[in-house]
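Peer 1: Sequence and predicted structure, then a few things I'm wondering about:
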Amino acid sequence: MSEADVIIQSSDHVNFRVHKLILASSQFFKDMFSLPQPPDAGEFVDGLPVAHLPEDAELIRALITILYPIPSQIPVSYDDTLALLGLAKKYDMDGVGSAIRAELCYKKLPVLVGPQAFRAYAIASNHRLIPEMDSAARRTLDFPMTFKYLGEQLELFKGWALGDLACFRRLCRDNLVSCFESFLDAHSSPSTIWVGCKEEFQHHPWSTSPRKSCHSDGQRRKEITRKGNQDGPTLPAWLWDFFSQQIEELMEGFANALTKPSSIREEYLMALQAHNDRYIDGCTSCLKVHAREGSEYSERLVEELEKARNIRMPPSLLSPFGVRSWDPSTGKRPFWFEPSSN
Ligand SMILES: [Zn+2]
């Protein structure tokens, strides 16, 4: 390769001798080098023009390792990797961005736990890194959105990003609530299988009261379920309480993590067990239903919850200049409200 023909100087005054041709894969640098320079203008070191960049040497070194055919040095920390992706985006280096993401895929993404997920979302949103914002936002769902988790990360957040994360969590929460509500309905599939429970036609003193703030159609659905005592099928009280409890917890706002579909089957089994243990001879009806169709039923529940929760962050929430087409006050669902494909 020919001699370097330009010097990049980092914010901490480290010089990198590079080739304009390599940097010209970036429209930013291409434009910079194409500007006519008067012969006495600018700074020169060893006869080479110097371009000053506001990034530090570590970040620029990582960038150069990706641009040149040498082993790339992706930063170890995810924060720094996001900063590097941000740098690629800032300088219009799409190829660099793709190379970093491919490497991350290969190495497997770090599992972001608790505050790390909120931190990654904040950093990704500051650099407008849409795929990383989306995946970090989804990761935050496993944790409450409280000061304990946001705490130190709050200063990293732009106001719009925090508001959009809250909006996204509400969308997922509402989806999950609708899913549980559909399972509360003993008149339609899949909950029609629950017949003959000992508690079915009794007064249930341990039942939770209908939740105070719910959708009007959800409320109606529950009333239908309760009326089932006289009018037709009704859900066994233990199962009704189980789903109602899940809804109650979801409606507690940001104080709770969102339901994890992977753990719901175990919780369902525990509720069934507790119900069965209330009777000396158990509840043979529920045990029979469970033996026959319980596994398929709980599998369906997991699947539906996954579908409800696994939505992509809407494009309008992924840009500070996006049009907010969703109005939380009306709850009207916009056009992009579709489950994610993966
Ligand atoms: Zn029963």
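Peer 2: The structure has been received and is ready for your questions. Residues are numbered from 1 along each chain as shown.
Peer 1: Point me to the helix or strand that includes Tyr121.
Peer 2: In the assignment (DSSP states H and E), Tyr121 maps to helix 115-126.
Peer 1: what comes into contact with that helix?
Peer 2: By C-beta atoms under 8 Å, 6 or more residues apart in numbering, the list of residues contacting helix 115-126 from outside reads 78-79, 82-83, 86, 110, 112, 132-133, 136-137, 139-140, 142-143, 145, 149-153, 156-158, 161, 164-165. Bear in mind the C-beta positions are built from the backbone N, C-alpha and C, glycine included.
Peer 1: hang on, Ile280 in a helix?
Peer 2: No - looking at Ile280 with DSSP: H, G, I helix; E, B strand; the rest coil, it is coil, so not inside a helix.
Peer 1: any idea how far it is from the ion?
Peer 2: Counting by C-beta to the ion, to the nearest Å, the gap from Ile280 to the ion is 14 Å.
Peer 1: re earlier: tell me what the next helix or strand after the helix holding Tyr121 is packed against?
Peer 2: Downstream of helix 115-126, the first helix or strand assigned by DSSP H and E is helix 130-140. Judged by 3 or more C-beta pairs under 8 Å, 6 or more residues apart in numbering; DSSP states H and E, helix 130-140 is in contact with helix 115-126, helix 159-184.
Peer 1: Near the ion, which residues of the stretch 101-250 of the chain? Just list them.
Peer 2: Cys197, Pro236 (C-beta under 5 Å from the ion).
Peer 1: Got the phi and psi for the residue of the stretch 101-250 of the chain found nearest the ion?
Peer 2: Residue nearest to the ion within the stretch 101-250 of the chain: Cys197 (3.2 Å; C-beta to the ion). Main-chain dihedrals, Cys197, degrees, to the nearest 10: phi -70, psi 150.
Peer 1: Let me see the contact set for the residue lying closest to it once chain neighbours are set aside.
Peer 2: Among residues not flanking Cys197 along the chain, Pro236 sits closest, at 3.6 Å (C-beta to C-beta, 6 or more residues apart in numbering). Contacts for Pro236 (C-beta under 8 Å, 6+ apart) come out as Trp194, Cys197, Glu199, Glu200, His275, Cys283, Cys286.
Peer 1: mind listing what the fifth one touches?
Peer 2: In this case it means His275. When contacts are counted by C-beta under 8 Å, 6+ apart, His275 touches Glu199, Pro236, Trp238, Cys283, Cys286.
Peer 1: Give the buried residues for the helix or strand where it lies.
Peer 2: Using DSSP H and E, His275 sits in helix 261-277. Neighbour counts over helix 261-277 (16 or more other C-beta atoms under 10 Å) mark Pro261, Ile264, Arg265, Tyr268, Ala271, Leu272, His275, Asn276 as buried.
Peer 1: and the first one, how far is that from the ion?
Peer 2: It refers to Pro261. Counting by C-beta to the ion, the separation of Pro261 from the ion is 24 Å.
Peer 1: That residue reaches Glu306, doesn't it?
Peer 2: Yes - judged on C-beta atoms under 8 Å, Pro261 makes contact with Glu306 at a distance of 4.5 Å.
Peer 1: Next, name the residue at the spatial heart of the chain.
Peer 2: Nearest to the mean C-alpha position of the chain, counting by C-alpha atoms, centre = their mean, stands Arg138 at 0.9 Å.
Peer 1: Tell me who's in contact with that one.
Peer 2: By C-beta under 8 Å, 6+ apart, the contact list for Arg138 reads Asn310, Met313.
Peer 1: if we go to 10 Å?
Peer 2: Counting by C-beta atoms under 10 Å, 6 or more residues apart in numbering, Arg138 makes contact with Ala117, Tyr121, Phe168, Cys172, Leu258, Arg309, Asn310, Ile311, Arg312, Met313, Ser340.
Peer 1: repeat for Glu267
Peer 2: Counted by C-beta under 10 Å, 6+ apart, Glu267 has contacts Phe242, Gln245, Gln246, Thr259, Lys260, Ser298.
Peer 1: Restricted to helices, list these.
Peer 2: The helices, defined by DSSP state H, take in Phe242, Gln245, Gln246, Ser298 from these.
Peer 1: what separates the second one from Glu267, distance-wise?
Peer 2: Here Gln245 is placed at a distance of 9 Å from Glu267 (C-beta to C-beta, to the nearest Å).
Peer 1: And for Val45, the neighbour number?
Peer 2: Other residues near Val45 come to 11 when the count uses other C-beta atoms under 10 Å.
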